[in-house]
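> sequence unknown, structure follows:
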């Protein structure tokens, strides 16, 4: 690896801890997932790639990305979805073998509000050996668990309607 490439790789590696990541993803101006570099792709099948992450959260962090620019999991074909499931399995096995970490978090980035880059569906497969990567900004809750359950149960007819709409829209018939 030449010196310029090495410096670039170190910048990728350290971007999250140096605070440089925010400035990088905001200035890209394109869909980085539609422009994947072969050097980072680990495995590809059925229009889906398993790739390492340039700006990883932890060593061993990978992503599963459809080649097609889709915004939501509901746009995946059955073959793409099955391949993504297969890659989740492969990622977990690789993380255990390469890094000795048995746990893995799967984080789905679906839709504009959940993504810091572009609206291109992707799944993070993140080695999980301690909860330090899961820092949530908890909020004071308005409802008890049973109160929330009652609120959702009151929408039973709507759930049935949504289930029927899903079946009609996405069934293989």
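Good, I have the coordinates. Note that the structure is a prediction, hence the values are computed from the model and not measured.
> so what secondary structure elements neighbour the longest helix seen in the chain?
As assigned by DSSP state H, the longest helix anywhere in the chain is helix 78-99. Secondary-structure packing of helix 78-99 (3 or more CB pairs under 8 Å, 6 or more residues apart in numbering; DSSP states H and E): strand 41-45, strand 48-52, strand 62-66, strand 103-109, strand 122-128. Bear in mind the C-beta positions are built from the backbone N, C-alpha and C, glycine included.
> Give the rounded mean pLDDT of it.
Mean pLDDT, helix 78-99: 94.
> Could you list the buried residues of it?
80-81, 83-84, 86-88, 90-92, 94-95 (16 or more other CB atoms under 10 Å).
> With stretch 45-54 instead?
In terms of neighbour count (16+ other CB under 10 Å), stretch 45-54 has its buried residues at 48-51, 53-54.
> My read is that residue 69 contacts residue 36, right?
No: the criterion here is CB atoms under 8 Å, and residue 69 misses it with residue 36 at 11.7 Å.
> about what we covered before: residue 152: which of the helices and strands packed on helix 78-99 is closest?
Closest to residue 152 of those, according to CB to CB: strand 103-109, at 20.7 Å.
> Just list what the closest one packs against, helices and strands only.
Counting contacts by 3+ CB pairs under 8 Å, 6+ apart, strand 103-109 packs against helix 78-99, strand 122-128.
> okay if I get the ones you listed as JSON lines plus distance to residue 41?
Output for those, formatted as JSON lines (distance: least, CB to CB, whole Å):
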{"stretch": "helix 78-99", "distance to residue 41": "12"}
{"stretch": "strand 122-128", "distance to residue 41": "13"}
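> Just tell me which of these ends up closest to residue 135.
When the helices and strands packed on strand 103-109 are ranked by proximity to residue 135, the top entry is strand 122-128, at 13.2 Å, counting by CB to CB.
> residues contacting the closest residue to residue 103 other than its chain neighbours?
Spatial nearest neighbour of residue 103, excluding adjacent residues (CB to CB, 6 or more residues apart in numbering): residue 128 at 3.8 Å. Going by CB atoms under 8 Å, 6 or more residues apart in numbering, residue 128 touches 101, 103-105.
> Neighbour-wise, which one of those residues leads?
Using other CB atoms under 10 Å as the neighbour criterion, residue 104 leads the contacts of residue 128 with 21 neighbours.
> Tell me how far the spatially closest residue to it that is not a sequence neighbour lies from residue 35.
For residue 104, ignoring the flanking residues on the chain, the nearest one in space by CB to CB, 6+ apart is residue 92 at 4.7 Å. Using CB to CB, to the nearest Å, we find residue 92 at a distance of 27 Å from residue 35.
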